[in-house]
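[1] My questions concern the predicted model and sequence given below.
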Amino acid sequence: MLELLAFNEKMAELGKMAAGVVHELNTPLSVIVSATQMILREEGLSDFVREMVDRINLEANRLAELTKGVLTFTRREGGGGEETDVNQVMREVLAFLRYEAQKRSIAILEDLDFRLPYIAAEANRIKQIFINLVMNAIQAMGHSGKLFLRSSRGPESTVMVQITDTGMGIPAEIVEHLFTPFFTTKGPGEGTGLGLYVTKRLLDAIGGTIAVQSAVGEGTTFTLTFPVAE
Ligand code: ADP
């Protein structure tokens, strides 16, 4: 028993150290992300420079996402009490990913209900959930498609958000593995297999749910529910 206690303490200590290192990585990473975005907005770049800067931007974005995932696990749950407007967060995420969608000729169609109540969750966590799902949707569509974003009242005291893509779809035998850590069908260096796992953990922590509906060759819908704030 004592040994177990000592072990737990060591793990907690390790967790804190990891959180510290990851936290330190966050700032330089966001500088790289915004600097590369600014370069990409310039006109007259050679194809080579554009492609290389684009790759730096993508990888830095991925790293930034990964560090956020680690931070969520290592940080202690706060006192809570924060209330969030899902539409507002969705808009921020879209502002961030619109360029990526445009580049791939993906149309974004929004059907947001602006009379929705606030939900009981931290905006940053909701943002992370939306970024994970919208990035996956964009990647599933490749170089053309439609991304639908809907928000509405859900069953009982919930707010519902649906993210639908017209991408490749997910075969039935894979669906059950989606939320397993490190499960990915993307090539090395492209996917970590942590996005949906982190998403599910975040939703569990706030009493939300996630469900997936998909048809191969047609597309995928992720349906989320969030508990309404008191
Ligand atoms: P990653 O994106 O790093 O692979 P995720 O946990 O976010 O990790 O996703 C796991 C897998 O689920 C992906 O590799 C992909 O096969 C599948 N997936 C997730 N979202 C979609 C989607 N919208 N359309 C098709 N497949 C998807």
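    Great, that's in hand.
[2] So which residues on this structure come close to the ligand?
    132, 136-137, 140, 165, 167-168, 170, 178, 183-186, 191-197, 220 (C-beta under 6 Å from any ligand atom). C-betas here are computed from N, CA, C, even on glycine.
[3] Could I get the full set of strands for the chain?
    Counting by DSSP state E, one finds strands in the chain at the ranges 83-84, 106-112, 119-120, 145-153, 158-165, 209-215, 219-227.
[4] Apart from its neighbours in sequence, what residue is nearest the spatially most central residue of the chain?
    Nearest to the geometric centre of the chain sits residue 132, at 2.0 Å (C-alpha atoms, centre = their mean). Leaving aside its chain neighbours, residue 132 sits nearest to residue 195 (4.2 Å; criterion: C-beta to C-beta, 6 or more residues apart in numbering).
[5] so who does the one you found touch?
    65, 69, 132, 133, 135, 136 (C-beta atoms under 8 Å, 6 or more residues apart in numbering).
[6] Output those in a markdown table; the columns should cover pLDDT.
    Formatted as a markdown table, the contacts of residue 195 follow (pLDDT from 0 to 100):
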| residue | pLDDT |
| --- | --- |
| 65 | 79 |
| 69 | 66 |
| 132 | 90 |
| 133 | 95 |
| 135 | 90 |
| 136 | 94 |
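[7] Looking at those residues, which is nearest the ligand?
    Within the contacts of residue 195, the smallest distance to the ligand is 3.4 Å, found for residue 136 (C-beta to the nearest ligand atom).
[8] Looks like the closest one contacts residue 199 (just checking).
    No. With contact defined as C-beta atoms under 8 Å, residue 136 does not reach residue 199; the gap is 9.2 Å.
[9] Look up the residues forming beta bridges with residue 227.
    Under DSSP bridges, the beta-bridge partners of residue 227 are residue 158.
[10] how far away is it from residue 173?
    Taking C-beta to C-beta, to the nearest Å as the measure, residue 227 falls 32 Å from residue 173.
[11] Counting neighbours, go ahead and name the busier of these two.
    A count of neighbours by other C-beta atoms under 10 Å puts residue 227 above the other of residue 227 and residue 173, at 17 against 7.
[12] Check the gap between the more buried one and residue 208 for me.
    7 Å.
[13] Please apply the same query to residue 24.
    From residue 24 to residue 208 the distance is 30 Å (C-beta to C-beta).
[14] how close does residue 154 sit to residue 210?
    Taking C-beta to C-beta, one finds residue 154 at 12 Å from residue 210.
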